[in-house]
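J.: Kindly generate the corresponding structure for this input.
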Amino acid sequence: VAIANQKGGVGKSTTAQAVGSILHSKGDKVLFVDLDPQGNLTYSLKGQNTGKSIAEVLQEKNTALEAIQSTEGGDLIAHNPTLSGADLTLTQTGKEYRLREALEPIKGLYDWIIIDTPPSLGILTVNALTAATRAIITAQADIYSLQGIGQLHSTITAVKQYTNTELVVAGILLTRYNRRTILSRDITSTMKSIAAQIETKLFTTKIRENIAIKEAQARQQSICTYAPKSNGCVDYRAFTKELIKELTK
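T.: The predicted structure follows:
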């Protein structure tokens, strides 16, 4: 599952950690892959700089199996800041397939592989979408997210045509949602229409604005470990159930 949106600050890393940690707590085998040069997911999972990161895997200096490290929330292939130069370093023929090929030997070891992507539509996001069977688009109820989804859809369409015909967009997840504002309600309605246009859906669950999520991030904990009764945990548990139901239709 690739979690994508080229717009930053829309909850990609938060969603990756929350959903993966909930699945891990249920007994599922989960692998996180942090493709974001900022490394928020690696930080939140307390990942270590071992010198064997996803950057080395993409450059074929290490195998994915060699790069895996264990965390409390599940297994992790950590980020590396050098990922920011991936569009310059990954230039060889077949560059879009590097992640897919790297994960192929180990995908049978896990129930879920969750891929966090950078806030861009470069080669890293294309690698994530090429490797994934499902994509989740995270967005906020604002006009910039609406614009971003259109751009992301163009990239997804190209990926489905050229590098991954099996990719399905599972849906759009609204984060940092405030149902009390008129703007949120209006844009949510528009988002449903956009979802239909790009042949996906708006998930019923919305992740409400919740300070506990930011507090959990500061303490390098998942939201449901830090504040199991918070709106953030309640919402992410509901979303995880909805996602599982969507993927097992």
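J.: Tell me where the longest helix sits in this structure.
T.: With secondary structure taken from DSSP state H, the chain has its longest helix at helix 143-162.
J.: Low-confidence ranges, the protein, go.
T.: Where the chain drops to pLDDT under 70, the residues are 182-183.
J.: At which residues are the helices of it located?
T.: With helices called from DSSP H, the chain shows them at 12-25, 40-44, 54-58, 64-67, 86-89, 98-103, 123-131, 143-162, 182-197, 211-218, 223-226, 231-247.
J.: Throw these into a markdown table and include distance to V1 and mean neighbour count, thanks.
T.: The way it works is simple: take the backbone N, C-alpha and C, and place the C-beta from them, glycine included. Below are these laid out as a markdown table (distance: least, Cβ to Cβ, whole Å; neighbours: other Cβ atoms under 10 Å):
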| stretch | distance to V1 | mean neighbour count |
| --- | --- | --- |
| helix 12-25 | 8 | 25 |
| helix 40-44 | 13 | 23 |
| helix 54-58 | 16 | 24 |
| helix 64-67 | 16 | 18 |
| helix 86-89 | 21 | 16 |
| helix 98-103 | 12 | 21 |
| helix 123-131 | 10 | 25 |
| helix 143-162 | 14 | 16 |
| helix 182-197 | 17 | 14 |
| helix 211-218 | 20 | 17 |
| helix 223-226 | 18 | 21 |
| helix 231-247 | 8 | 18 |
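J.: closest one to T205 among those?
T.: Closest approach to T205 among those (Cβ to Cβ): helix 231-247, 4.1 Å.
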